[in-house]
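S.K.: can you look at this prediction? I've put the sequence above it.
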Amino acid sequence: MPTRYANIVGWGMYTPQRVIPNAELAQQVNTSDEWIVARTGIRKRRIVGSAENNSQMATDAGRAALQKAGVHPRELDLIIVATSSGDHITPPVSSLVQHALGARDVPAFVLTTGCTGFIYALATAHQFIAAGTYENVLVIGVEIISRWLDWSDRATCVLFGDGAGAVLLQATEEECGVLSFELGSDGGNAGHLIVPAGGSAMPTTHETLNNGLNNLYMNGREVFKFATRVLGRALRRTIAKAGLTKEDIDLFIPHQANKRIIDSAARQAKLPMEKVFVNIHEYGNTSAASIPIALCEALEGGRAGPGNVLAFVAFGAGLTWAAAVVKLGTQVWRA
Ligand code: UT7
């Protein structure tokens, strides 16, 4: 069997209608636009309203990716939804997305690794295609972290936003798609980024609600240290694994969590800032959706195009990290 690669042939995104600028949060908690911009790079974020939800955002982003590629939902072989915030604990949101897309009988599953979910899903989809199992795999990163936020906790509520991004991967013999990846996990530090209650370990009770245990807790400093420790290393190793050097990377698309963390990863991998894609000022940290949203904007804005080599890197709950080097095939067209 010839070598098969997973080419990105379609992409799409959905971001909620409601925009919340820093100034609005500064009216609710003891923070300021200056502090948020200086410490994170975030200027605004988008938060879902009552008519928006996880499956709807994922479906809209996924449908846009299929339309871009000219692929009918029934031609799909697999749907992977990377998320930590599906509509329900069960059923898996992937099946709701599969149904809403009209992808009858197509297998679908959820992959949960926090903010690294999109890269984990991309690597998984690549394996299915490279093995010759599937031709068309839809990978969606979607998140509504706003549902877990304590809107009176200034240390977390200023950081996150909601949204969805998707790519359609298609089998090709052209050398492109995922050229290399690295995935990692450090569960010993899981407690630094956690929603303690609401799972099977601590089901929701009046007490957990009263004590704020259903909200996201984060030790920001520890997560920051973890990120700066792993990202540059993962990036360098993944570029080398692809048989490339930093000069071969046309665009670096990091997880958009904190501009200072992005700067640090770029510095460690010796990638100049002109090659770094940043849109955190617009959306905040959209977790598993951040890289596919950034990728969509890079493709639509002409920052990336056919034949370009991209490097993705992310860190998040778990704690996990992930990196991938992806080459856009010559079949990728500009919008
Ligand atoms: O996708 C993974 C998700 N997680 C992350 O990406 C988080 C990674 N960590 C970070 O991005 C940073 O650690 C934060 C942005 C969360 C915090 O920035 P920092 O520079 O590490 O600040 P800090 O936690 O060291 O806090 C410095 C000060 C503290 O006050 P004191 O103790 O020095 O008086 C905080 O209470 O800043 C205070 N502070 C704030 N002040 C104004 C914390 N949050 C805010 C805020 N506005 N929103």
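M.R.: It's in. Residues are numbered from 1 along each chain as shown.
S.K.: may I have the strand or helix carrying Val139 exported as PDB, CA atoms only?
M.R.: For Val139, the host element (DSSP states H and E) is strand 136-143. Coordinates of each C-alpha in strand 136-143 appear next as PDB, following Å, rounded to 0.1, in the frame of the first residue of the first chain:
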ATOM      1  CA  ASN A 136     -12.400  11.500   5.400                       C
ATOM      2  CA  VAL A 137     -12.200  12.400   9.100                       C
ATOM      3  CA  LEU A 138     -13.700  15.500  10.600                       C
ATOM      4  CA  VAL A 139     -11.800  16.900  13.600                       C
ATOM      5  CA  ILE A 140     -13.600  19.500  15.700                       C
ATOM      6  CA  GLY A 141     -12.300  21.400  18.700                       C
ATOM      7  CA  VAL A 142     -15.100  23.000  20.700                       C
ATOM      8  CA  GLU A 143     -15.500  24.500  24.200                       C
END
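S.K.: what packs against it?
M.R.: When contacts are defined as 3 or more CB pairs under 8 Å, 6 or more residues apart in numbering; DSSP states H and E, strand 136-143 sits against helix 54-69, strand 78-82, helix 93-101, helix 117-130, strand 163-172, helix 290-300. The C-beta positions use only the backbone N, C-alpha and C, and glycine is treated the same way.
S.K.: the fifth one near the ligand anywhere?
M.R.: Translated: strand 163-172. No: against the ligand, strand 163-172 shows no contacts by CB under 6 Å from any ligand atom, the least distance being 13.6 Å.
S.K.: who does that strand pair up with?
M.R.: Strands that pair with strand 163-172, judged by DSSP bridges, come out as strand 5-14 (antiparallel), strand 136-143 (antiparallel).
S.K.: relative to the ligand, which of the ones you listed is closest?
M.R.: When the strands paired with strand 163-172 are compared for distance to the ligand using CB to the nearest ligand atom, the nearest one is strand 136-143, at 10.0 Å.
S.K.: hang on, the earlier thing: just confirm yes or no for the following helix or strand past the strand holding Val139 near the ligand.
M.R.: Using DSSP H and E, the helix or strand that directly follows strand 136-143 along the chain is helix 154-157. Yes: for helix 154-157, a contact with the ligand is found by CB under 6 Å from any ligand atom, at Arg154, Ala155.
S.K.: reformat the helices and strands packed on strand 136-143 as JSON lines; add mean pLDDT and mean neighbour count.
M.R.: Shown next, in JSON lines, are the helices and strands packed on strand 136-143 (pLDDT from 0 to 100; neighbours: other CB atoms under 10 Å):
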{"stretch": "helix 54-69", "mean pLDDT": "98", "mean neighbour count": "24"}
{"stretch": "strand 78-82", "mean pLDDT": "98", "mean neighbour count": "28"}
{"stretch": "helix 93-101", "mean pLDDT": "98", "mean neighbour count": "22"}
{"stretch": "helix 117-130", "mean pLDDT": "98", "mean neighbour count": "25"}
{"stretch": "strand 163-172", "mean pLDDT": "97", "mean neighbour count": "28"}
{"stretch": "helix 290-300", "mean pLDDT": "98", "mean neighbour count": "25"}
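S.K.: among those, which comes closest to Tyr217?
M.R.: helix 117-130 (19.4 Å; CB to CB).
S.K.: from the chain's centre, how far out does the closest one sit?
M.R.: 13 Å (CA atoms, centre = their mean, to the nearest Å).
S.K.: what inclination does it have with respect to strand 78-82?
M.R.: Per axes from the mean of the first three to the mean of the last three CA atoms, to 10 degrees, the angle that helix 117-130 makes with strand 78-82 is 160 degrees.
S.K.: so helix 117-130, near the ligand or not?
M.R.: No: for a cut-off given as CB under 6 Å from any ligand atom, helix 117-130 has no contacts with the ligand; the smallest distance is 10.6 Å.
S.K.: next, the angle helix 290-300 makes with that helix.
M.R.: Using the same axes, to 10 degrees, helix 117-130 lies at 70 degrees relative to helix 290-300.
S.K.: can you report how many residues lie near the residue nearest to Asn258 when sequence neighbours are not counted?
M.R.: The shortest distance from Asn258 to any non-neighbouring residue, by CB to CB, 6 or more residues apart in numbering, is to Thr40 (5.0 Å). Number of residues near Thr40 (other CB atoms under 10 Å) recorded here: 22.
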